[in-house]
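**Student:** sequence-free structure coming up:
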């Protein structure tokens, strides 16, 4: 591949492919350069370190995995309905990925845990989406008005960790998982509701 | 030590001490026998396998760690107050152990995960205690009556996982952890409340 034509996006794609094939423990920048037919120096001109490249792969994966969420957060349904749909979409996306390809899901869970700041940024984005829904529910009088929307969003996110934190992925295929998820969302919605 | 005087309890204590000193990866039944001055055959007369001995150590640790909980569950305070106290006692006990001696806490977390049935039994006991509180709250009209107490107990347990599941132990020393815990318990109590 002509080095002049190489884009950042192409490097991220190649790195993603290398991580899939070799796993996070073995994949190297040299593997990525080899896959692209360039020197590792060329890769380093786009990414200052292996960690920076892996962080970019992680960011892209997380954004893509949860692409449907922003539209749900700002949708036209009632805030309580939207909150449920948003949590269902998050759990659904994670569950599908974890069950369809457990190995790849584990790879990305390792990458996400490794790129702490990318993960923090992603979680902040998700919590902000939840906060938008909660703030609108408070404005509409559907949700109780006592409580800062962002703090409540963080609490809702923590309360539902069992259905989005990758450490619990092995439990998502349990027969009762979906029933438990629905009951937990019900409890959370009643907890937020205006009295 | 005279072999005739050796009790099951003494073997569990010695095993606990060996696990503390050598860690779960290295501790063996021979180490336990050596600490007691007996042959490993003597230990095997009390416990059919190394796994059975480790399960007994884990059971004792879990029971001791949460010794205060049953009395809270059946106490004389109002069910909503009791639910809060019970969750606080669970989080408090885990947090103290995790922060005071992270290495020992990690050892026991490994043992608990390894002894799946002991852990399941322990979690069932904890959920039953929660269910007692919730059932009384329903009888008193403090909690909404729609919902089976044991199912609700499981949901409450799942909703508060961030403050009792050992995988989250590193987060319990964060400045906002106690504030988040209080807010989460508030959300759960509002979710259970009669409307």
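**Tutor:** That came through, no problem. Values in this document were obtained by computation on a predicted structure and should not be read as measured data.
**Student:** which element, helix or strand, includes the residue in chain A that chain B sits nearest to?
**Tutor:** When distances are taken as Cβ to the nearest Cβ, chain A reaches nearest to chain B at residue A:191, 3.4 Å away. The C-beta positions use only the backbone N, C-alpha and C, and glycine is treated the same way. Following DSSP states H and E, one finds residue A:191 within helix A:177-192.
**Student:** so how far is that helix off the chain centroid?
**Tutor:** Distance of helix A:177-192 from the chain centroid (Cα atoms, centre = their mean, to the nearest Å) equals 21 Å.
**Student:** could you do stretch A:141-148 as well?
**Tutor:** Relative to the chain's own centre, stretch A:141-148 is displaced by 27 Å; criterion: Cα atoms, centre = their mean.
**Student:** got the contact list for it?
**Tutor:** For stretch A:141-148, the external contacting residues (Cβ atoms under 8 Å, 6 or more residues apart in numbering or on different chains) are A:78-80, A:134, A:137-138, A:192-195, B:183, B:190.
**Student:** now do 7 Å
**Tutor:** Identification of contacts with stretch A:141-148 by Cβ atoms under 7 Å, 6 or more residues apart in numbering or on different chains yields A:78-80, A:134, A:137-138, A:192-195.
**Student:** tell me which residues in it are buried?
**Tutor:** If you call a residue buried by 16 or more other Cβ atoms under 10 Å in any protein chain shown, then stretch A:141-148 has these buried ones: A:142-143, A:147.
**Student:** just give me the closest of the residues you listed to residue A:174.
**Tutor:** When the buried residues of stretch A:141-148 are compared for distance to residue A:174 (Cβ to Cβ), residue A:143 wins out at 30.4 Å.
**Student:** so where is chain A shaky, pLDDT-wise?
**Tutor:** Residue ranges of chain A with pLDDT under 70: A:1-4.
**Student:** would you list every one of the helices in it?
**Tutor:** A:8-22, A:29-36, A:40-46, A:50-65, A:69-73, A:79-100, A:102-114, A:116-140, A:149-159, A:177-192 (DSSP state H).
**Student:** which strands and helices sit next to the fifth one?
**Tutor:** In this structure, helix A:69-73 makes packing contacts with helix A:79-100, helix A:116-140, judged by 3 or more Cβ pairs under 7 Å, 6 or more residues apart in numbering or on different chains; DSSP states H and E.
**Student:** now those in TSV, with distance to residue A:8?
**Tutor:** Listed next are the helices and strands packed on helix A:69-73 as TSV, based on distance: least, Cβ to Cβ, whole Å:
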stretch	distance to residue A:8
helix A:79-100	24
helix A:116-140	16
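**Student:** follow-up on the earlier one: run a quick neighbour tally on the residue of chain A closest to chain B.
**Tutor:** For residue A:191, the neighbour count with other Cβ atoms under 10 Å in any protein chain shown is 23.
**Student:** look up how far residue A:51 lies from residue A:41.
**Tutor:** 17 Å (Cβ to Cβ, to the nearest Å).
**Student:** contact partners for the residue nearest the centre of chain A?
**Tutor:** The structure's chain A has its C-alpha centroid closest to residue A:62; by Cα atoms, centre = their mean the separation is 4.1 Å. By Cβ under 7 Å, 6+ apart, residue A:62 lies in contact with A:112, A:122.
**Student:** for it, give its distance to residue A:120.
**Tutor:** From residue A:62 to residue A:120 the distance is 11 Å (Cβ to Cβ).
**Student:** thinking again about what came up before, of the helices and strands packed on helix A:69-73, which is nearest residue B:45?
**Tutor:** That would be, of the helices and strands packed on helix A:69-73 and by Cβ to Cβ, helix A:79-100, which comes in at 44.4 Å.
**Student:** now the closest one: buried residues?
**Tutor:** Residues A:79-91, A:93-95, A:97-98 are the ones in helix A:79-100 that count as buried (16+ other Cβ under 10 Å).
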